[in-house]
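> starting from these lines, generate the structure:
(2 chains)
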Amino acid sequence: MKYSKLLLLILLTGSVMHMMSCKPKGAGSAVGAGAAEKAYVAPGKYDQFYNFVSGGFSGQLSVYGIPSGRLLRVIPVFSVDPEKGYGYSEETKPMLMTSHGYVPWDDLHHTELSQTNGEVDGRWVFGNGNNTPRVARIDLKTFRTAEIIELPNSAGNHSSPFITENTEYVVAGTRFSVPVGGNPDVPISSYKQNFKGTISFISVSKEGAMDIAFQLLLPGVNFDLSHAGKGPSHGWFFFSCYNSEQANTLLEVNASQRDKDFILAVNWKKAEEYLKAGKGVKQSVKYAHNTYDEKTHTAKSEIRTEVTTLDPAVLKDICYFVPCPKSPHGCDVDPTGEYFIGSGKLAALIPVFSFAKLQKAIAEKTYDGEFGGIPVLKYEAVLHGEVQKPGLGPLHTEFDGKGNAYTSFFVSSEIVKWNIKDLKVLDRVPTYYSIGHLCVPGGDSRKPFGKYVIAYNKITKDRYLPTGPELAQSAQLFDISGDKMQLILDFPTIGEPHYAQAVPAELIKGNSLKIYKIEENGNAYAAKGEKEAKVVREGNKVHVYATAIRSHFAPDNIEGIKLGDEVYFHVTNLEQDWDVPHGFAVKGANNAELLIMPGETQTLKWVPEQVGVYPFYCTDFCSALHQEMQGYIRVSAPGSNVPLTFSLGKQGAAAADTSKPASK
Amino acid sequence: MKKILIVLGAVSFMYACGNGSTQGENKAAGDQQTSQTTDNGNPSYDPERGSGKFTTVDVKPELDKSMAEAGNKIFEVKCSSCHKLTDEKLVGPGWKGVTSRHKPEWIMNFVTNTDEMLNKDPKAMAMLEICLVRMPNQSLSDDDARHIYEFMRENDGVK
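Coordinates of the predicted model:
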């Protein structure tokens, strides 16, 4: 206690001295010297790294600049986003369709950047939908969700969306084992007989298109996290799993009985061979596959009805269980591809396994029985060694490419740096508070970029000004260029940050799309120029082909809408300059608004419920005359004889029934 | 009194600190400005030509019909929202007579290098003061610009 008082005194003195000097450091007592300089990116200058951070229960993915911690963008993926119209515009609604219908809010846990030869290549970032199991691919030219595939026979898609070293596959493993084959109606207590875990290997084409290549049917356990082999272990994939007790209730206790659960080693090259040899079994299932077309600015959703399964209990040499203490969570492979690490949430040590030893143990059949028909290897036969007393509650490990590993510890709230070869702890720093995932740029690839480790914390408490009961979560940036880790910044995040990845800005920034070329706009309802602006009635559907340019809509006076009509505003932004979006909002729309990028067409469905005149306007400040960017649409009673007319620039007495905007 | 002195001391101290960094920033900004001024005040800047990649445009006395037709198509998609073909101002000035007000080089530079011209060309800046809406860069290719110019000539009566 005395010690802490002394420390407090020193800190106080230090902070007073800081205040008196020319560089106030604020409350940064845990912050090392020069921290501000290290995290400072001058106005107008770019960050060195993009950081793609999962938004957890927000269902989105956020993009930060590192080292500044600037929020650059929130990319909507599995949840509607009123800021961008995602999930509200007619064009984007199909992206959120599933076999269960429209799902407006999901839970995105992990991000994974595409790789070539085990190195981050900057083409795409993948994200997993945890609740209604899906995998999304986000195109890093547009920073938009390009594709989402749902996973049948799956629930709680947690050990996902990790990839192989040439992005051949992105994987998805079930956290919840479930009755497979169309989710039959069985007693929950029949878990051991009827429930299966599955792991899906989703192939990714050169253009990025995703397709479920095969599913492995596995014993009913909880698959948690995973990482692909690389280099010598390329062709293998490693999945942590817990609940080898196969409990179906009070897992907190019942799934924590055994000293060891497993890491599942999957020889996916072998699985490919079996698939080729026709050993796959087709199952009738139902899952959605959604794609966004950049030319038509339109998404489409289709339902697929078949998946090919492989049974590793029959096809013996695909899968092997490696015992791992205790309830392992993180499953990480070092940059050389030789070592894989299981982080037992309830273990007091970190086991490091050797891929060479795994191969030897398999060749010599050094088994310790079977689990669910799959061989269990002897722990010692695969073990390289254990990190002793590293901390409490190890979760995840990333690498700096210099032979060091960085493991997050939830319970003891710290990051511990240790050496992979000799398993010695080298340094530890506290995190504020209760770190979950962590990220070193390129830290799960063959070529980590080092320099920083970023902690993603589960609890924020007193780190920022209070904002009521609900607080932003936090990330913390540490400089790891020296021997000691040094805290240099913390910043709030969107939703709960689970896994995140970072990549040098050079790999992405030059490819960024600036506008959609109006000539290439393939939207069926595009109006390319005001000459094409029109209003067309088809029964009770009214299509408004509108254009937007600084600073007016064409047409901006519309009459002849009848109560009971469905009005579709198809708004084309005619601008062809970077960063000149227009917005569109109509009074009383109980759907949403639109935001339309230059050259793009987006559609808002509006069903007026009362007779009257409704204003619409541009919601995104576009020019000095933005406040003038507005219009009116008149809704009449069902039987009225007001003709359908539209105009622009017609003043005065009743609008004539022109067939063209009047400005021409 | 003592308190005031302390406060004063602190204020002047902070002021000194702040000033130091402000000066630093000003210097950087000043440098930028100097280089811009040099650019701007360069006696070689030709206000008749404007700023951009076009130095000389080869214009035949008679109209090139196919170029004008291509220009008309671009006009309808990218220009007609804001410009009329008469001399009436809509968002921007009407196009009637534009080819007698400006040289072809100036027009083609303005429609392809819009932001820079709006920032430093005297004639473009004067128009912005009247219209108050910055003309958008409509991402025209070099050929597009030439076709637009030919369409403007047709609109101005060149046969």
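> and B:Pro47, how many neighbours?
Here the number of neighbours of B:Pro47 (other CB atoms under 10 Å in any protein chain shown) works out to 12. No exception for glycine: its C-beta is placed from N, CA and C like everyone else's.
> residues contacting it?
By CB atoms under 8 Å, 6 or more residues apart in numbering or on different chains, the contact list for B:Pro47 reads B:121-123.
> who wins for neighbours among these?
B:Asp121 leads the contacts of B:Pro47 on contacts (other CB under 10 Å) with 23 neighbours.
> roughly how far does the residue lying closest to that residue once chain neighbours are set aside sit from chain A?
The spatially closest residue to B:Asp121, leaving aside those adjacent along the chain, is B:Gly50, at 5.2 Å (CB to CB, 6 or more residues apart in numbering or on different chains). In this structure, B:Gly50 and chain A are 18 Å apart, going by CB to the nearest CB, to the nearest Å.
> rewinding a little: restricted to strands, list the contacts of B:Pro47.
Using DSSP state E, no member of the contacts of B:Pro47 sits in strands.
> name the nearest of the residues you listed relative to A:Thr142.
B:Asp121 (33.6 Å; CB to CB).
> verify the stated contact: that closest one with B:Glu48.
No: shown here, B:Asp121 and B:Glu48 do not form a contact pair, counting by CB atoms under 8 Å, at 10.3 Å.
> which secondary structure element contains the residue nearest to B:Asp121?
Using DSSP states H and E, B:Gly50 maps to neither a helix nor a strand.
> hang on, it packs against B:Met117?
Yes: taking contacts as CB under 8 Å, B:Gly50 lies within contact range of B:Met117: 5.6 Å.
> overlap of the contact sets of those two?
Between them, B:Gly50 and B:Met117 have B:109-110, B:124 as joint contacts when contacts are counted by CB under 8 Å, 6+ apart.
> just the buried members of those?
Burial by neighbour count, 16 or more other CB atoms under 10 Å in any protein chain shown: within these this picks out B:109-110, B:124.
> between those residues, which is closest to A:Pro555?
Relative to A:Pro555, the closest of these is B:Phe110; by CB to CB it sits at 29.1 Å.
> do you know how far the residue nearest to A:Tyr102 when sequence neighbours are not counted is from A:Asn290?
Take A:Tyr102 and drop its neighbours on the chain: the residue closest to it by CB to CB, 6+ apart is A:Leu96, 5.7 Å away. Shown here: A:Leu96 relative to A:Asn290, a distance of 8 Å by CB to CB, to the nearest Å.
> try A:Asn267
When CB to CB is applied, the distance between A:Asn267 and A:Asn290 equals 31 Å.
> neighbour count: these two, which is higher?
Shown here are A:Asn267 and A:Asn290; by other CB under 10 Å, A:Asn290 has more neighbours (23 against 18).
> the residue lying closest to A:Gly235 once chain neighbours are set aside: which element?
The shortest distance from A:Gly235 to any residue other than its chain neighbours is 4.0 Å, reached at A:Lys269 (CB to CB, 6+ apart). Here A:Lys269 is covered by helix A:268-276, with elements defined by DSSP H and E.
> count residues in the vicinity of residue 45, would you?
Looking at chain A here, since you left the chain open. Around A:Lys45 there are 10 other residues, counting by other CB under 10 Å.
> try again with chain B
Counted by other CB under 10 Å, the residues lying close to B:Tyr45 total 14.
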